[in-house]
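> Kindly return the folded structure for what I paste below:
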Amino acid sequence: MSFPTITPSADTDRVLGQIDRGEIRCGADAAREIAARHQAAYGDAVWGAATGDDGDSTWAAAVAALSAPSGGDAR
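Predicted coordinates:
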């Protein structure tokens, strides 16, 4: 079985270059820093009060809420 060759787009190369140069950040640590800045700026109006945990259960709950069916038929 052979697999097709995938050629990255110019946008892919550009974004990966930005990450390599440190112009943009990605990953869990960057997401936590962004969330902390938003929480400081907007308070509990964005995500609600802090639960006191390490954030993992809050993150899991947010992902579960986004992944939950909306009640409609997704056909």
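
> helix or strand for the spatially most central residue of the chain, which one?
Centroid-nearest residue in the chain, with C-alpha atoms, centre = their mean: Ala31, separated by 6.2 Å. Following DSSP states H and E, one finds Ala31 within helix 28-42.

> tell me which residues in that helix are buried?
Under the neighbour-count criterion of 16 or more other C-beta atoms under 10 Å, helix 28-42 has Ala35, Gln39 buried. Heads up, the C-betas are built off the backbone N, CA and C, glycines and all.

> Report all helices and strands that it contacts.
helix 44-47 (3 or more C-beta pairs under 8 Å, 6 or more residues apart in numbering; DSSP states H and E).

> Following the chain onward from the helix it packs on, which element is next?
Counting by DSSP H and E, what follows helix 44-47 is helix 56-67.

> for that following helix, the distance to its chain's centre please.
Helix 56-67 has its C-alpha centroid displaced from the chain centroid by 11 Å (C-alpha atoms, centre = their mean, to the nearest Å).

> how many degrees apart are that helix and helix 28-42 in direction?
90 degrees (axes from the mean of the first three to the mean of the last three C-alpha atoms, to 10 degrees).

> Buried residues of helix 56-67, list them for me.
Using 16+ other C-beta under 10 Å as the test for burial, helix 56-67 gives Thr58.

> Could you export that helix as CSV, keeping only the C-alpha atoms?
This file holds the C-alpha atoms of helix 56-67, laid out as CSV (Å, rounded to 0.1, in the frame of the first residue of the first chain):
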residue,chain,number,x,y,z
ASP,A,56,-7.3,20.4,33.8
SER,A,57,-10.9,19.5,35.0
THR,A,58,-12.1,23.0,33.9
TRP,A,59,-10.5,22.4,30.5
ALA,A,60,-12.0,19.0,30.2
ALA,A,61,-15.5,20.4,31.1
ALA,A,62,-15.1,23.1,28.4
VAL,A,63,-14.2,20.6,25.8
ALA,A,64,-17.0,18.3,26.8
ALA,A,65,-19.5,21.2,26.6
LEU,A,66,-18.2,22.0,23.1
SER,A,67,-18.3,18.4,22.0
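
> so where's the chain uncertain?
46-47, 49-55, 68-75 (pLDDT under 70).

> That's all I had, so thanks and see you.
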